[in-house]
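Participant: build the 3D model from these lines:
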Amino acid sequence: MEQHRTTAESTRDTHVLQGTAEHLAERYRGIFTPQMVERYVFESYATLGRTARIKTHLATLAGRFADDRLRALAQSMGSIAKDHPQVLFVCVQNAGRSQMAAALLSKVSGGQVEVRSAGSLPAGQIHPLAEDVLRERGIDLADAFPKPLTDDVVRAADYVITMGCGDTCPIYPGKQYLDWDVADPQDATLEGAREILADIEARVHALWERLQAPQGG
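Facilitator: Reported below is the predicted structural model:
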């Protein structure tokens, strides 16, 4: 029975992924071939599947992940215009610090920054304390999920902010690299997580001011 259920779920996911690939192929028509789009979709599914703790909506998450990667790649190629600054936050698990920073910058900037986050060794789910302290600020991480660091999102970024992930992030010319020495909430208490969030929030506000400053000014 378990094997039958697993096979049925796999078949369902395949149908979802194929439908997603067709949808994204239309979205990126003239930029990427349908074959490349399909490869990105199924590759994203396999990559997330290696670490995701809950598999129920894995095909849907993989579609979102593939879409973001394709958009980032198209931006880095100049095929899609960058209407806003691109900021990538990277930590080890993409379950705490980088998720906090990404959520805060999205809120502070009012959508005037395209924000991404990733992890060098992504966890299976968002850390509960990160969700709790952000919820206290009125920010919901229900749609967020840990994502692995991929070359395409780094290429698209104008700013790459790392937090405790060492030298795992590839270096490309023309980008601003910042390393934030921020504690990991993984083993923190609720109060400790609040202090970490306050630290990140101060840094995010400073970054937002920097992003708004006239270029070359």
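Participant: please make it C-alpha for all contacts and neighbour counts, starting now.
Facilitator: OK.
Participant: the most centrally placed residue in the chain and A157, how far apart?
Facilitator: Computing the C-alpha centroid of the chain and ranking residues by CA atoms, centre = their mean puts S117 first, at 3.4 Å. According to CA to CA, to the nearest Å, S117 and A157 sit 11 Å apart.
Participant: shared neighbours of the two, anything?
Facilitator: L88 (CA atoms under 8 Å, 6 or more residues apart in numbering).
Participant: the lowest-mean-pLDDT helix or strand in the chain packs against which elements?
Facilitator: Lowest by mean pLDDT, DSSP states H and E among the helices and strands of the chain is helix 2-27, with a mean of 84. Judged by 3 or more CA pairs under 8 Å, 6 or more residues apart in numbering; DSSP states H and E, helix 2-27 is in contact with helix 34-49, helix 58-77.
Participant: now do the next helix-or-strand element following the last one against helix 58-77, angle only.
Facilitator: So the one you mean is helix 58-77. Counting by DSSP states H and E, the element after helix 58-77 in chain order, helix or strand, is strand 86-91. Using axes from the mean of the first three to the mean of the last three CA atoms, to 10 degrees, the direction of strand 86-91 lies 130 degrees away from that of helix 58-77.
Participant: residues touching the helix or strand that strand 86-91 is followed by, excluding its own?
Facilitator: Sequence order places helix 97-109 as the next helix or strand after strand 86-91, per DSSP H and E. Helix 97-109 has contacts (CA under 8 Å, 6+ apart) with 88-91, 112-119, 130, 134, 139, 141, 144, 163, 182, 184-185, 197, 200-201, 204-205, 208.
Participant: now those: which count as buried?
Facilitator: Among these, those buried by neighbour count (16 or more other CA atoms under 10 Å) are 88-91, 112-119, 130, 134, 141, 144, 163, 182, 184-185, 197, 200-201, 204, 208.
Participant: S117: helix or strand, and which one exactly?
Facilitator: Applying DSSP H and E, one finds S117 within strand 114-119.
Participant: helices and strands around that strand, which ones?
Facilitator: strand 86-91, helix 97-109.
Participant: closest to F32 out of the ones you listed?
Facilitator: Closest approach to F32 among these (CA to CA): strand 86-91, 21.2 Å.
Participant: what distance do you get for the residue nearest to the centre of the chain to T11?
Facilitator: In terms of CA to CA, S117 sits 30 Å off from T11.
Participant: kindly report the same for T33.
Facilitator: 24 Å.
Participant: ok, R210 - how many residues close by?
Facilitator: Neighbour count of R210, defined by other CA atoms under 10 Å: 11.
Participant: no wait, L121
Facilitator: 18.
Participant: what's the answer for D167, then?
Facilitator: By other CA under 10 Å, 9 other residues sit near D167.
Participant: use 26 as the first number for this chain going forward.
Facilitator: I'll keep to 26 as the first residue from here, and by that count the last item is D192.
Participant: are we agreed that it is in a helix?
Facilitator: No. Per DSSP: H, G, I helix; E, B strand; the rest coil, D192 lies outside any helix segment and is coil.
Participant: give me the distance between it and D204.
Facilitator: Using CA to CA, D192 is found at 11 Å from D204.
Participant: which one of the helices and strands packed on helix 27-52 is the most hemmed in?
Facilitator: helix 83-102 (a mean of 20; mean count of other CA atoms under 10 Å).
Participant: from C194, how far out is the residue lying closest to R141 once chain neighbours are set aside?
Facilitator: Closest residue in space to R141, ignoring its immediate chain neighbours: L113 at 4.8 Å, by CA to CA, 6 or more residues apart in numbering. The spacing between L113 and C194, counted by CA to CA, is 11 Å.
Participant: if anything else comes up later, I'll come back, but that's it for now.
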